[in-house]
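> Sharing a model prediction with you, sequence too.
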Amino acid sequence: MAESTNREIYQRILDATRDVSRSLEEYLRTLWGLGSSEKDRTTVPAVLFGDLVVQAIHAPAPSFNDTWRGMDFDLSAASDEFDAWERVILSQIADLRDFAEGPEQHFPEFGVDTPRRPTSGTRASPLRWYNHSVPSYLECAMAGAFGGWDLADGIRKVLPDPTGQFHPIPPDTISLPPLSWAEMTEFLICGQVYE
């Protein structure tokens with residue numbers, strides 16, 4: 001399988017998310033299903049990673065399992081890197097269902113805490129969310145975890161005061177080696193909290 005650069009995958013994600021109509025929860029359920037089919041790999045080639053991320057935009061979504069909301073997804077109990085990835089993505093899916101059934105959120109793009117229920121189990125995802133749509137989640141996931149963005153994209157801006165910089169100026173385009181499940185877990189976390 002050919003190598004891919006961070007820039008190629010970033011641009012591919014931007015192109016694929018232009019007309020997304022599905023919810024972020026449905027998207028993550030689909031990504032979980034597709035990713036689970038690769039769980040026997042210790043690393044995932046970057047091209048395949050990009051394929052999974054893009055395919056999840058339109059592939060059929062597995063059903064939501066309400067037991068996920070009460071499960072214990074404590075990361076310290078993860079048996080391996082794939083298990084940690086799965087605990088994070090299922091925690092995020094449960095969080096998004098809590099948002100959907102919770103009180104209306106005002107200005108969620110400024111950051112809101114998940115309205116977790118008293119019966120919620122331990123979650124592996126942070127309480128705070130900044131990205132609630134598929135396009136913003138995936139753009140922030142890619143920019144935060146692997147870079148690949150460019151000022152010409154018009155999405156990110158470099159601030160005149162570097163001490164207030166929310167994200168670093170992008171490095172040169174780099175080839176992405178096969179990705180570990182830990183790196184793909186970082187992708188998920190950046191999707192949730194990176195701005």
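Thanks, I have the structure now.

> Just give me the longest helix of this structure.
Criterion DSSP state H: the longest helix present in the chain is helix 81-101.

> In contact with Leu31, which residues are there?
Taking C-beta atoms under 8 Å, 6 or more residues apart in numbering, we find Leu31 in contact with 52-53, 56, 89. (C-beta placed from N, C-alpha, C; glycine too.)

> Mind checking which of those residues are buried?
Buried members of the contacts of Leu31, counted by 16 or more other C-beta atoms under 10 Å: 52-53, 56, 89.

> And the residues you listed, which is closest to Asp153?
Val53 (17.2 Å; C-beta to C-beta).

> element containing that closest one, please.
helix 46-55 (DSSP states H and E).

> Can you spell out which helices and strands pack onto that helix?
strand 4-5, helix 6-16, helix 24-36, strand 175-176 (3 or more C-beta pairs under 8 Å, 6 or more residues apart in numbering; DSSP states H and E).

> Repeat the analysis, applying 10 Å as the threshold.
strand 4-5, helix 6-16, helix 24-36, strand 43-44, helix 134-145, strand 175-176, strand 179-180, helix 181-193 (3 or more C-beta pairs under 10 Å, 6 or more residues apart in numbering; DSSP states H and E).

> Dump the longest helix of the chain to CSV, keeping only the CA atoms.
In CSV, the C-alpha atoms belonging to helix 81-101 read as follows (Å, rounded to 0.1, in the frame of the first residue of the first chain):
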residue,chain,number,x,y,z
GLU,A,81,-4.0,0.1,21.9
PHE,A,82,-7.1,-1.0,19.9
ASP,A,83,-9.0,-1.5,23.1
ALA,A,84,-8.1,2.0,24.2
TRP,A,85,-9.2,3.4,20.8
GLU,A,86,-12.5,1.5,21.1
ARG,A,87,-13.1,2.8,24.6
VAL,A,88,-12.6,6.4,23.5
ILE,A,89,-14.8,6.2,20.4
LEU,A,90,-17.6,4.4,22.2
SER,A,91,-17.3,7.0,25.0
GLN,A,92,-17.7,9.8,22.4
ILE,A,93,-20.7,8.1,20.9
ALA,A,94,-22.3,7.8,24.3
ASP,A,95,-21.5,11.5,25.0
LEU,A,96,-23.2,12.5,21.7
ARG,A,97,-26.3,10.6,22.6
ASP,A,98,-26.3,12.4,26.0
PHE,A,99,-26.1,15.7,24.1
ALA,A,100,-28.9,14.7,21.8
GLU,A,101,-31.2,13.8,24.7
